[in-house]
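**Student:** what follows is a protein structure lacking sequence information:
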């Protein structure tokens, strides 16, 4: 029996919990390779990008009334 694909409205694209876990893993990897190494720089930048996504995701769900103009 084949399963029907989930509707686009029900698919979760971004998981804050998983993103925070990924940031922790990246921080551990930076500690291993060193902050000043090229790989450390790349890992820190990746962690910063994920942190930005988490902040954006949490701010939109916390204050839904602030985005009233997008519904007009």
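**Tutor:** Yes, it's here. Just so you know, these numbers come straight off a predicted model, no measurement behind them.
**Student:** from here on, just use CA atoms for contacts and neighbour counts.
**Tutor:** Noted.
**Student:** look up phi and psi at residue 14.
**Tutor:** Its backbone dihedrals place residue 14 at phi -130, psi 130, with angles given as degrees, to the nearest 10.
**Student:** dump the residue contacts of it.
**Tutor:** Counting by C-alpha atoms under 8 Å, 6 or more residues apart in numbering, residue 14 makes contact with nothing.
**Student:** which residues are contacting the lengthiest helix in the chain?
**Tutor:** Scanning the chain for the longest helix, with DSSP state H as the assignment, gives helix 38-62. Taking C-alpha under 8 Å, 6+ apart as the criterion, the residues outside helix 38-62 that touch it are 16, 19-20, 22-23, 26-27, 29-30, 33-35.
**Student:** among those residues, name the buried ones.
**Tutor:** A residue is treated as buried here by neighbour count (16 or more other C-alpha atoms under 10 Å); on that basis the buried members of those are 16, 19, 22-23, 26-27, 29-30, 35.
**Student:** tell me, how many residues neighbour residue 58?
**Tutor:** Neighbours of residue 58 under the rule other C-alpha atoms under 10 Å: 12.
**Student:** returning to that earlier point: pLDDT of the longest helix of the chain, averaged?
**Tutor:** Helix 38-62 carries an average pLDDT of 90.
**Student:** okay, buried residues for that helix please.
**Tutor:** Neighbour-count burial for helix 38-62 [16+ other C-alpha under 10 Å]: 40, 43-44, 47, 50-51, 54.
**Student:** rebuild those residues as CSV, extending it with distance to residue 3.
**Tutor:** Compiled in CSV, the buried residues of helix 38-62 are given as follows (distance: C-alpha to C-alpha, whole Å):
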residue, distance to residue 3
40, 43
43, 38
44, 40
47, 36
50, 32
51, 35
54, 31
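**Student:** which one of those residues is nearest residue 12?
**Tutor:** Closest approach to residue 12 among these (C-alpha to C-alpha): residue 54, at 14.1 Å.
**Student:** any idea how far residue 35 is from the closest one?
**Tutor:** When distance is defined by C-alpha to C-alpha, to the nearest Å, residue 54 is 22 Å away from residue 35.
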